[in-house]
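1. here is my input, please return the structure:
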Amino acid sequence: MGSIVEYLTAVTVPIDLFTPDETRALAPYFTNTDRTVFALTNLPETVKGALFARYSRSAKSLRRLFLDEFLGQVQSAAPVEGSGVGTERADKLYAKVLNEYGDDSVAQLGAAHLACEGVSNVLTKVLEWGRLMAYLEQSTRYVPYTDRPNGRWKYHVPVELDGSPRRDEFIRTLDHAFEMYARWIPAMEAHFRAKYPKAPEDSDGVYRSVIRAKALDTLRGLLPAATQSNVGLFGTGQAYEALLLRMFAHPLEEVRAHAQLMLLELRRIIPAFLARIDQPARGGRSIEYLAETRRTFEEAARPIVGGQDAEPRPEVVLTDFDPDGELKVVAAALYGASDLPDDQIMALARGLSPDRRLSLLRAYVGSRSNRRHKPGRAFERTSYRFDVLADYGAFRDLQRHRLLTLEWQPLSTRHGYTEPAAIDEAGALDDWRSVMDRSADLYRSLIASGLRDVAPYAVVMAYRVRFYMEMNAREAMHVIELRTAPQGHPAYRRICQLMHRAIAEVAGHHAIADAMQFADHSEVELERLQSERAMEKKRLS
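-> Numbers count the residues shown, from 1 in each chain. You can find the predicted model right below:
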């Protein structure tokens with residue numbers, strides 16, 4: 001615990017201060033009121049879900065949001081009181097099952113809501129790695145990063161820089177990035193108001209919201225990966241165990257320290273599920289295995305890929321697919337409607353004419369009224385692997401999709417940066433490029449000083465990162481239709497539009513691409529306009 005206290009003292013993390021009355025009001029519902037990592041207790045599941053949903057679009061901390069918007073509703077309802085009845089017996093039973101019988105599936109039966117506040121965008125990607133968890137992260141579209149708690153911009157200064165001559169350079173560079181970001185928000189809003197005048201049918205509230213979102217979307221490329229965010233997590237004991245083991249094996253102190261903070265809070269509500277983390281032969285060995293394997297493989301890979309220059313590639317490349325993908329999807333669809341063996345059905349499907357296969361596929365997809373109407377698991381019979389080179393801001397949005405395989409390379413300044421047209425139109429180009437140049441200089445300086453793991457903190461979100469997304473056709477339908485919606489950010493809309501075209505034109509899977517009927521290829525200027533209009537209409541009704 002002493003190391004955690006030292007860590008929290010060393011880093012700048014904004015922590016809310018509560019009055020004695022507020023502290024008493026919060027105590028039944030949160031595992032602590034004075035730390036940045038805490039769990040939710042004694043609240044109905046619907047309240048926890050609504051609180052997290054509100055959290056992602058608010059600049060407030062979760063506990064402050066609870067006090068301001070939820071406490072009255074909770075107090076007016078019958079409280080859900082925590083009870084110790086049977087807890088000790090249950091803990092012993094779980095320990096026996098998990099440790100003696102090895103029945104890991106039991107750890108899927110208990111879950112927890114956890115909040116991590118003031119964590120860097122580097123750490124948010126670690127937190128959001130696991131498939132079997134749910135996450136909500138503070139949005140750069142709805143929350144302007146202009147607050148300065150205790151006179152400091154909201155970014156993480158790695159403790160690895162303590163005593164290093166690079167620390168002052170790091171602070172100067174990131175201060176400059178935040179100053180440019182904050183300075184240009186009013187001017188960018190004015191630019192968009194002039195470019196997109198308010199329509200008579202839109203209310204002032206809708207118009208303000210749309211213009212603000214457009215300005216923040218455009219300027220988010222100035223924010224560094226060290227920018228602090230709030231993340232809400234919900235997961236089972238098994239998912240948390242896997243996450244914490246990965247975090248304890250991570251090379252960054254911020255990640256390891258937050259693993260300890262999270263473990264401390266989770267043990268107050270689901271202790272039996274996390275008992276193995278401290279056991280040297282179980283959790284200890286797993287942590288050693290993860291850390292050792294990472295280091296060993298990096299050493300083995302460096303002579304092979306270290307001296308190579310990246311060849312130029314388009315923003316999105318479909319690098320792998322099955323030419324027989326549509327045929328196999330038809331066969332998979334027929335499987336559930338028959339009692340024949342798989343290989344026999346495949347032979348039957350291969351003997352059908354292309355038109356007959358197409359009609360079967362259309363019948364399997366059915367009449368979809370909206371994007372939430374998905375065809376069955378036959379669409380999981382074929383998959384696509386996309387290599388993507390996109391700005392870090394777009395990567396953050398796409399990385400949160402979990403029912404696929406996604407891996408990214410270390411964030412750097414080597415792949416250049418994006419430059420929205422509005423930056424030049426609004427007269428912000430010189431300031432934009434000064435932030436890009438200083439970020440690159442700091443990144444190179446940190447690399448030269450042997451701080452390779454720390455260097456990504458210095459990279460601003462306009463810089464590109466390379467990652468791949470491998471997904472079956474069913475998940476591709478979900479990702480592409482969701483992320484091409486008109487209210488989406490232009491960067492990830494373009495990426496998913498390119499994916500959709502590649503499925504049809506490169507893979508030649510026209511029927512599968514056609515089934516993704518809610519993929520939107522329209523040109524949109526004010527992305528949030530239709531969505532804000534719809535939300536206002538719902539509120540008024």
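2. for the nearest residue to residue 408 once chain neighbours are set aside, give me the backbone phi and psi.
-> Nearest residue to residue 408 in three dimensions, chain neighbours excluded: residue 467, at 3.7 Å (C-beta to C-beta, 6 or more residues apart in numbering). For the C-beta atoms, the positions are set from N, CA and C on the backbone; glycine is no exception. Main-chain dihedrals, residue 467, degrees, to the nearest 10: phi -150, psi 160.
3. kindly state the beta-bridge partners for residue 467.
-> residue 388, residue 408 (DSSP bridges).
4. sketch out the low-pLDDT regions of the stretch 101-250 of the chain for me.
-> For the stretch 101-250 of the chain, the stretches with pLDDT under 70 are 101-106.
5. that should have said the chain, apologies.
-> For the chain (pLDDT under 70), the answer is 1-14, 76-106.
6. need the strands for it, in chain order.
-> 37-39, 111-120, 133-137, 228-236, 316-321, 383-391, 405-408, 464-472 (DSSP state E).
7. the third one vs strand 228-236, what angle?
-> Taking axes from the mean of the first three to the mean of the last three C-alpha atoms, to 10 degrees, strand 133-137 and strand 228-236 form an angle of 160 degrees between their directions.
8. what of the fifth one?
-> Between the axes of strand 316-321 and strand 228-236, defined by the same axes, to 10 degrees, the angle is 20 degrees.
9. kindly report the same for the last one.
-> Between the direction of strand 464-472 and that of strand 228-236, the angle (the same axes, to 10 degrees) works out to 20 degrees.
10. helices and strands around strand 464-472, which ones?
-> Applying 3 or more C-beta pairs under 8 Å, 6 or more residues apart in numbering; DSSP states H and E, one finds that strand 464-472 contacts strand 383-391, helix 392-399, strand 405-408.
11. list the buried residues of the shortest one.
-> Using 16 or more other C-beta atoms under 10 Å as the burial criterion, the residues of strand 405-408 that qualify are 406, 408.
12. now for it, which elements pack on it?
-> So strand 405-408, by 3+ C-beta pairs under 8 Å, 6+ apart, packs with helix 392-399, strand 464-472.
13. which of the ones you listed is buried the deepest?
-> helix 392-399 (a mean of 23; mean count of other C-beta atoms under 10 Å).
14. which strands or helices does that one pack on?
-> Against helix 392-399 (3+ C-beta pairs under 8 Å, 6+ apart) you get helix 121-127, strand 383-391, strand 405-408, strand 464-472, helix 473-483, helix 490-505.
15. off-centre distance for that helix?
-> 7 Å (C-alpha atoms, centre = their mean, to the nearest Å).
16. equivalent analysis for stretch 375-392, please.
-> 17 Å.
17. contacts only, for the closest residue to residue 425 other than its chain neighbours.
-> Counting by C-beta to C-beta, 6+ apart, residue 425 lies nearest to residue 191, which is 6.5 Å off, once chain neighbours are set aside. By C-beta atoms under 8 Å, 6 or more residues apart in numbering, the contact set of residue 191 is 215, 422, 425-426.
18. top of these by neighbour count?
-> residue 215 (24 neighbours; other C-beta atoms under 10 Å).
19. was I right about it contacting residue 185?
-> Yes - assessed by C-beta atoms under 8 Å, residue 215 is found in contact with residue 185 at 5.7 Å.
20. neighbours of residue 19, just the number please.
-> 9.
21. now do the one 5 residues further on
-> Here the count is done by other C-beta under 10 Å, and residue 24 has 11 residues near it.
22. how much space between it and residue 269?
-> The gap separating residue 24 from residue 269 is 20 Å, by C-beta to C-beta, to the nearest Å.
23. before we move on, what about residue 250?
-> Residue 250 is 24 Å from residue 269, by C-beta to C-beta.
24. and for residue 517?
-> 44 Å.
25. neighbour count: these two, which is higher?
-> Neighbours per residue, other C-beta under 10 Å: of residue 517 and residue 269, the larger number sits with residue 269, 19 against 13.
26. surely residue 360 meets residue 333?
-> Yes - the pair residue 360 / residue 333 is scored as a contact, 6.6 Å apart, by C-beta under 8 Å.
27. OK, contacts around residue 406?
-> So residue 406 contacts 398-399, 467-470 (C-beta under 8 Å, 6+ apart).
28. select the longest helix from this structure.
-> As assigned by DSSP state H, the longest helix anywhere in the chain is helix 166-195.
29. looking at the strands of the chain, which is closest to residue 539?
-> strand 133-137 (21.4 Å; C-beta to C-beta).
30. now residue 57. Nearest residue, chain neighbours left out?
-> Closest to residue 57 by C-beta to C-beta, 6+ apart is residue 142, at 4.3 Å.
31. surely that neighbour is in contact with residue 216?
-> Yes - between residue 142 and residue 216 there is a contact under C-beta under 8 Å: 7.4 Å.
32. what about these two, which has more around it?
-> Between residue 142 and residue 216, residue 216 has the larger neighbour count (other C-beta under 10 Å), namely 21 against 15.
33. so who does the more buried one touch?
-> 140-144, 185.
34. if you rank the residues you listed by neighbours, which is first?
-> residue 140 (23 neighbours).
35. count the neighbours of the nearest residue to that residue once chain neighbours are set aside for me.
-> Closest residue to residue 140 apart from its sequence neighbours, by C-beta to C-beta, 6+ apart: residue 220 at 4.4 Å. The number of residues packed near residue 220 is 26, by other C-beta under 10 Å.
36. the one 3 residues further on too?
-> As a burial measure, the neighbour count of residue 223 was computed by other C-beta under 10 Å and equals 26.
37. help me confirm that it comes into contact with residue 460.
-> Yes - with contact defined as C-beta under 8 Å, residue 223 reaches residue 460; the gap is 6.3 Å.
38. apart from its neighbours in sequence, what residue is nearest the spatially most central residue of the chain?
-> Taking C-alpha atoms, centre = their mean as the criterion, residue 400 is the residue nearest the geometric centre of the chain, at 3.6 Å. Of all residues not flanking residue 400 in the chain, residue 128 sits nearest, at 5.7 Å (C-beta to C-beta, 6+ apart).
39. give me the distance between that neighbour and residue 150.
-> 27 Å.
40. and the two? which has more neighbours close in?
-> Comparing residue 128 with residue 150 by other C-beta under 10 Å, the one with more neighbours is residue 128, at 19 against 8.
41. you'd agree that one is up against residue 234?
-> No - counting by C-beta under 8 Å, residue 128 does not reach residue 234; the two are 12.0 Å apart.
42. list residues touching both of the two?
-> Joint contacts of residue 128 and residue 234 (C-beta under 8 Å, 6+ apart) are residue 135.
43. returning to what we had before: mind putting the contacts of residue 406 into TSV with distance to residue 355?
-> Shown next, in TSV, are these (distance: C-beta to C-beta, whole Å):
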residue	distance to residue 355
398	36
399	40
467	38
468	35
469	32
470	31
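44. for residue 260, state which of those residues is nearest.
-> Closest to residue 260, out of all of the contacts of residue 406 and judged by C-beta to C-beta, is residue 399, at 24.4 Å.
45. do I have it right that the closest one meets residue 407?
-> No - taking C-beta under 8 Å as the definition, residue 399 is not a contact partner of residue 407, at 10.1 Å.
46. overlap of the contact sets of those two?
-> With C-beta under 8 Å, 6+ apart as the test, residue 399 and residue 407 both reach residue 467.
47. tell me how far residue 328 lies from residue 514.
-> In terms of C-beta to C-beta, residue 328 sits 17 Å off from residue 514.
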